[in-house]
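Peer 1: 3D model of this:
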Amino acid sequence: MGREIERKFLVKGEGWRKGAKRSRLSQGYLLAQKGKSVRVRLEDGRGTVTIKGPSRGAGRAEYEYPIPADDARELLRDLCEKPLIEKTRHRVKHGGLIWEVDEFAGANRGLIVAEVELSRTRQKVALPPWIGKEVTGDPRYLNANLFKKPYRSWR
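Peer 2: The predicted structure follows:
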C-alpha cells in the first residue's frame, strides 16, 4: 500500500528562497470528497494522477502514477473541477530533508505553505527558521479544499 506521511506549515519571511529549485504546477481534481480525492497534476511537462485516502494524523494512503503530459493537459482542461490549483513549488534542503514550499497563484495568491514528507509518523524534524504555524490538521490548507474555498475568500 502506498502511504504518505507529511507535516504542513505556514511560511514566514523569504529565507527559504535562497538555493531553492523551482517548478510550475497545475493541478485539478476529478474527485474531491471528504476522505478521498483523485488529482491530476502537470509539473514541468510531466503528468501524474494521484489517488489519496482519508487522513489519519499526518499520514494517509496515497497512490501516484505517471500519465502522458497530453493526457494530463486534456484532463485538466476538460474533466477537472475548476478553478485549477496553480502554484510554484520550491524545493529546499534543510536538516537532511527536502521541504516543498508551495507559493500559490490565482484565487489562492498570497498563500505560502511548506510541507515535509517523513518516513515515519513520529520522525524528529529540524524546523527551518522560516517555518511558521503548523497547519497539518487544518483541512482548509488541503489542496483538495483550496479549489472549493480559495485562500483569498477566507478574509
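Peer 1: any idea what Arg77 is structurally, helix, strand or coil?
Peer 2: For Arg77, the assignment made with DSSP: H, G, I helix; E, B strand; the rest coil gives helix.
Peer 1: Check it and give its pLDDT.
Peer 2: Per-residue pLDDT puts Arg77 at 98.
Peer 1: what number of residues lie near it?
Peer 2: Neighbours of Arg77 under the rule other Cβ atoms under 10 Å: 12. The way it works is simple: take the backbone N, C-alpha and C, and place the C-beta from them, glycine included.
Peer 1: next one: Tyr29
Peer 2: Close neighbours of Tyr29, defined as other Cβ under 10 Å, add up to 23.
Peer 1: cool, and Ala20?
Peer 2: Neighbours of Ala20 (other Cβ under 10 Å): 16.
Peer 1: who touches the nearest residue to it once chain neighbours are set aside in this structure?
Peer 2: Closest residue to Ala20 apart from its sequence neighbours, by Cβ to Cβ, 6 or more residues apart in numbering: His90 at 3.8 Å. By Cβ atoms under 8 Å, 6 or more residues apart in numbering, the contact set of His90 is Trp16, Arg17, Ala20, Lys21, Arg22, Glu100, Val101, Asp102, Glu103.
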